[in-house]
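1. coordinates only, no sequence provided:
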Ligand SMILES: Nc1ncnc2c1ncn2[C@@H]1O[C@H](COP(=O)(O)OP(=O)(O)OP(=O)(O)O)[C@@H](O)[C@H]1O
Ligand SMILES: [Mg+2]
């Protein structure tokens, strides 16, 4: 890996069963400070690729380096340290159902070592910003899907991660809220976070000048200003 690379994939391949590869022989890098949309048809493998990057699943073939770690070599006990600097937004939110939303967000910073009271105050500020200041003590089940998604976004950005992996973070939001939350990702990016954001929302992709990684027919392409080529 060069010092600028934050992610390095080498001959990456994934298949879940014997019949077909979801993707095959992907070799490319993402540098620190870049922002990419990750697009591709439903079933193209966006979620699977993100899961490989935070070591939720193992690839079938190839090597993955993130932050200089060869992640195939990380043991289960290494994962909390490895993931400490990654903000994750899952397609299905994955909030802790027994904790209030403010505690869901505060816990994320708290794990990072901050004091609970300070974590709570920052979590409240951020939840207010995403429009949930009136329901800080609600449990996740009392919220709509779009509201849960905003909590999940607050939880991921609150610790100012070096790398943000976001899987359809605005999938349940109307466009007004989706664009508003994109501003939050932009701010984070300006502060130095590398962002990979999977989305189906074409208006969002067109509305922001970030390059697109496209998963298609098992390969990864990049679309930079309308010029499409294999991602290297
Ligand atoms: N755990 C699994 N076991 C078997 N097949 C799986 C599993 N997870 C995903 N797949 C298959 O892998 C392919 C890629 O799925 P993935 O969820 O990565 O796609 P996606 O691009 O995120 O789709 P979407 O846009 O609908 O979220 C799909 O054909 C899916 O059915
Ligand atoms: Mg998906």
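-> Perfect, I can see it now. Bear in mind that the values here come from a model prediction, so they are computed numbers and not experimental data. Ligands and ions are numbered 1, 2, ... in the order given.
2. ok, now how distant is the residue nearest to the spatial centre of the chain from residue 143?
-> Among the residues of the chain, the one closest to the centroid is residue 165, at 1.6 Å (CA atoms, centre = their mean). In this view, residue 165 and residue 143 are 23 Å apart by CB to CB, to the nearest Å. From N, CA and C alone the C-beta is placed, and that goes for glycine too.
3. hmm, back to that, pLDDT wise, what is the residue nearest to the centre of the chain at?
-> If you check residue 165, the pLDDT there is 98.
4. confirm that it sits in a helix.
-> No - using DSSP: H, G, I helix; E, B strand; the rest coil, the assignment for residue 165 is strand, not a helix.
5. look up the closest residue to it, ignoring the ones flanking it.
-> residue 50 (5.0 Å; CB to CB, 6 or more residues apart in numbering).
6. anything in the helix or strand in which that neighbour is found near ligand 1?
-> Assessed by DSSP states H and E, residue 50 sits inside helix 46-53. Yes - Helix 46-53 is in contact with ligand 1 by CB under 6 Å from any ligand atom, via 46, 47, 48.
7. what's that helix packed up against?
-> strand 5-14, strand 35-39, strand 61-66, strand 163-167, strand 194-198 (3 or more CB pairs under 8 Å, 6 or more residues apart in numbering; DSSP states H and E).
8. distance between it and the chain's centre?
-> 9 Å (CA atoms, centre = their mean, to the nearest Å).
9. run through who's touching it.
-> With contacts defined as CB atoms under 8 Å, 6 or more residues apart in numbering, helix 46-53 is touched by 7, 12, 14, 22-23, 38-40, 57-59, 64, 66, 71, 91, 165, 167, 196, 198, 215, 220.
10. please apply the same query to stretch 71-79.
-> Outside stretch 71-79, the residues touching it (CB under 8 Å, 6+ apart) are 53, 55, 58, 63, 64, 65, 69, 82.
11. count of neighbours near the third one?
-> Same thing as residue 58. By the criterion of other CB atoms under 10 Å, residue 58 has 11 neighbours.
12. contacts only, for residue 122.
-> Per CB under 8 Å, 6+ apart, neighbours of residue 122: 106, 109, 114, 158.
13. grab the nearest non-local neighbour of the third one.
-> To tie it back to what came earlier, the one meant is residue 114. For residue 114, the closest residue by CB to CB, 6+ apart turns out to be residue 122, at 7.8 Å.
14. now do residue 168
-> Counting by CB to CB, 6+ apart, residue 168 lies nearest to residue 91, which is 4.9 Å off, once chain neighbours are set aside.
15. isn't that neighbour right next to residue 165, touching?
-> No - using CB atoms under 8 Å, residue 91 makes no contact with residue 165, being 11.2 Å away.
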